[in-house]
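Enquirer: Here is a sequence together with a model predicted from it:
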Amino acid sequence: MYRYFIRRIIQAIPVFLGVSLITFALFFIAPGDPARLIAGQRADPEVLALIRKAWGLDQPWWIQYFLFLGRIIRLDFGRSFKTNIPVLESILERFQATAILALFSFIIAIGIGVTAGIISAVKQYSAFDYIAMIIALLGVSAPVYWVGIILLLIFGFNLGWLPLGGYISEYGLKAVILPAIALGTRPAAYFARLARSSMLEVIRQEYIITARSKGVPEKLVIFKHALRNALIPVVTYAGMVVGDLLTGAVLTETIFAWPGLGRLTVQGILDRDLPVIQGTVIFIAFIYIIANLIVDLSYALIDPRIRYE
Amino acid sequence: MRRFIIILILTFLVSLLGSSLAQAPQYGGVLRRSLVNDPPTLDPAMITDTASDEVARQIFDGLVEYNEKGEVVPVIAKSWSISKDGLTYTFYLRDNVYFHNGRKVTAEDFVYSIKRVMDPKTASPRANFTEPIKDVKAKSKYILEITLKEPFAPFLSTLTYSCFWVVPKEEVEKLGKDFAVKPVGSGAYIFEEWKHDVKVRVKANLKYFRGRPYTDAIEWAIIPDEQVDFLNFEKGLLDITGVPDPEWDRVSNDPKYKPYILSKPILGIYYLGFNVQKKPLDNKYLRWAIARAIDKESIVRVIRRNRAEVAYTILPPNMPGFNKDIYNWAKENFSYNVEEAKKLLEKAGYPGGKGLPEITIFYNTSKAHQRIMEAIQANLAEIGIKAKIQNYDWAVYLDLLDKGELPVYRLGWVADYIDPDNFLWVLFNSKNFGEAGNHSFYKNAKVDELTDKARKISSWKVREKYYNEAEKIILEEMPIVPIYYYVSQPIYQPWVHGLYIDPLTGLSGVRYRVVWLSKR
């Protein structure tokens, strides 16, 4: 397992190189001049030349790329063209907010989604099953912006129980409840549907029938025999959800004024802020690699038949 | 009866006293504002956006500023003189102004601040504002002399701009690039805290040379969604904000809010521009036909819900040089008239739109712009012009505009300084093709001559004559169709007093030191 881990980390290096090269190439292919965006709607050509020179944008793209690689080895992501703030500092600051939101959203998504899915499967065609699946369908279909505004109107504005947006530095943990619900709704719905179908598939298998015919109590059949196998696709999806949640959710962050990675990334793209784009893209790639690695490693914990040697 | 009269008089006097007490400005409290996005920078040399400008304006001061009427008034310069040839500006500074680090502001600080913007190493996006300057030096501790390369009439006005605010050399050098996030100025408020994408906070400068500001602090929450922003206002969590378009009808008719909405045109226009060097828009009659086909009144009334004023001229009504006769002439000749538009289209060589290729109207991505472009598209269809609309994000849009690749486009322009030069020279002088401001690639020798000459003359009467002449030529040739003048309409809570609208940019130009709060 240790060897497997090291191999996976080494495999990540060409992924980082590829990701950074593609981002760089796309940046130079796409129209839009960062110097122009720094200068504003009206800009003197001399001033634009000054800005390009100051940020090294007057160099050929491949020189810029190698300079970038040289910096990245020293963990220097550079400074934002627009704000002059070190990119790594901005990313880590925003990632803290994103991680908190992701954690709570994930707990909501897994807690509600998987539980509802399993109960639905065990009690297939019951009232609970129908209601849970209708709610899951609504959860999958409801746009996050709409869910967010409705939550804010009810719990923030009318009832006044929770803050109308804002971060935990201002309102404490109360601030995370509504954005976590808004962000967790859709994955919760997916988890519910996935856990239900996976569980249904498993409980129809012969070893479950055998267990039941041997007189194993139902609870033991479900939790010991069925659940572990049913969880494999759920864990795979959980890895993707964690990746998604940890890389920022721009809509949720915008509605709830949450200072996360999503807003930083989108603003970077709109501003053609190359260091911010590069930094966030590489960071996001890193998050996905780690999330996938954790998922792969957790397979072995769930299913002892899977080995990594 | 006598007793009754005495009681009546006493009651009257007490109520008078009470009301006068209620009117007296009070000190204290935190003013709560919001910004749509985190300010990119608080370094005056680097500011180009309104969010940064609003915050930094409270922290920094310059030689001069605009008052509520848009007149240039003294701040750190208590007075000034201009040499007869218009080349030398001498500023006499106050000797009682301190930076927030406790050091006195002197003429040397202005020399440093201005030279810093001029220095290519700073790469200030506003370095062009210092372009007219030949030299800047301290004649004594409190006398500053700025020499120009050639006379530049709007120069005093340009000194109100953020890039000319004074910064302390020792702090800039100590903090380096971090000065942008830990600014030290000499203004009414001292920078206190900045949590990126969460809030910015400044506290009162109790030793401010014009007297301490009324409020103890100002806090800007960063709220990117305007609906959520307004929910915060309605809940009483913000003191001043803007009203989102979808809420306007409800809010502006609600007696609870109505008395607390300010409304004032600012110095900006929204317009439809043409690349006059590209076929078929090089045809003046076609441009006239388009101008006459656009129902600006309906756009302002229906789409903008009367939150703007229909425009016929390039210079907005509060801009010096605005001429009512030109306005009336333009209104008479270029207002919405389908029949006239059809005749003009025929005169252009496209009767009923026949032979005219489909026109694309470009705009930068925004629902608000899209609605206006759709209205214009429908207006053009009425006279037989087939048009489609196409959007790009701002970065791509600017790139294409600069290259002259957009034959018909929408743009807005809000003045940087209060002078017609900032509209007529910037947007229509042929020296400024593309990124420098003239996106119509419009060239007229007479307009070039008039706008070049007007910026070098000190006599306002002569300048005004030149600008009027230039504006009339431009309107007659119609490289742009003015659609509406921008109006600033902030809303404030009943406990907010002393709020005004900055004549140039609206809310983002307000100096909040004069705003005070009564009990919430």
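Expert: Nice, I can see it. Quick caveat, the model's predicted, so the values are computed rather than measured.

Enquirer: what about the longest strand along chain B and chain A, touching?
Expert: Looking across chain B with DSSP state E, the single longest strand is strand B:264-274. No. Strand B:264-274 is not in contact with chain A by Cβ under 8 Å from any Cβ of the partner chain; minimum separation 11.4 Å. In short, each C-beta sits where N, CA and C put it, glycine included.

Enquirer: And the average pLDDT for that strand is what?
Expert: Across strand B:264-274, pLDDT averages out at 95.

Enquirer: Now the residue in the stretch 151-300 of chain A that chain B sits nearest to: which helix or strand?
Expert: The minimum distance from the stretch 151-300 of chain A to chain B, using Cβ to the nearest Cβ, falls at A:Pro259 (3.3 Å). Under DSSP states H and E, no helix or strand contains A:Pro259.

Enquirer: got it, and B:Lys134?
Expert: Going by DSSP H and E, B:Lys134 is part of strand B:133-140.

Enquirer: contact partners of that strand?
Expert: B:87, B:90, B:106-108, B:110-111, B:114-115, B:118, B:144-149 (Cβ atoms under 8 Å, 6 or more residues apart in numbering or on different chains).

Enquirer: Sheet-wise, list the partners of it with their directions.
Expert: strand B:143-148 (antiparallel) (DSSP bridges).

Enquirer: Give the buried residues for the partner strand.
Expert: Applying a neighbour-count criterion of 16 or more other Cβ atoms under 10 Å in any protein chain shown, one finds B:144-146, B:148 buried in strand B:143-148.

Enquirer: so how far does stretch B:489-507 reach from one end to the other?
Expert: Stretch B:489-507 has an end-to-end distance of 8 Å (criterion: Cα to Cα, to the nearest Å).

Enquirer: Give the buried residues for it.
Expert: B:489-493, B:496-497, B:499-507.

Enquirer: Helices of the stretch 101-250 of chain B, residue ranges please.
Expert: In the stretch 101-250 of chain B, the helices defined using DSSP state H, counting those that start in this stretch lie at B:107-118, B:155-158, B:169-175, B:226-234, B:248-252.

Enquirer: For chain A, find the nearest of these.
Expert: Closest approach to chain A among the helices of the stretch 101-250 of chain B (Cβ to the nearest Cβ): helix B:226-234, 5.1 Å.

Enquirer: Looking at the closest one now, give me its mean pLDDT.
Expert: Mean predicted lDDT for helix B:226-234 stands at 95.

Enquirer: Ok, stretch B:202-218 next?
Expert: For stretch B:202-218, mean pLDDT is 97.

Enquirer: cool, stretch B:166-176 as well?
Expert: Here the average pLDDT along stretch B:166-176 is 96.

Enquirer: Please point out which parts of that stretch sit buried.
Expert: For stretch B:166-176, burial by neighbour count (16+ other Cβ under 10 Å) applies to B:166-168, B:171-172.

Enquirer: is it anywhere near chain A?
Expert: No. Stretch B:166-176 stays clear of chain A (Cβ under 8 Å from any Cβ), getting no nearer than 9.3 Å.

Enquirer: Tell me where chain B is predicted with low confidence.
Expert: Residue ranges of chain B with pLDDT under 70: B:1-23.

Enquirer: Mind doing that once more with 50?
Expert: Counting by pLDDT under 50, the ranges of chain B that qualify are B:12, B:14-21.

Enquirer: Give the burial count for the nearest residue to B:Pro39 once chain neighbours are set aside, as a bare number.
Expert: Leaving aside its chain neighbours, B:Pro39 sits nearest to B:Ser52 (3.9 Å; criterion: Cβ to Cβ, 6 or more residues apart in numbering or on different chains). A count of nearby residues for B:Ser52, using other Cβ atoms under 10 Å in any protein chain shown, gives 25.
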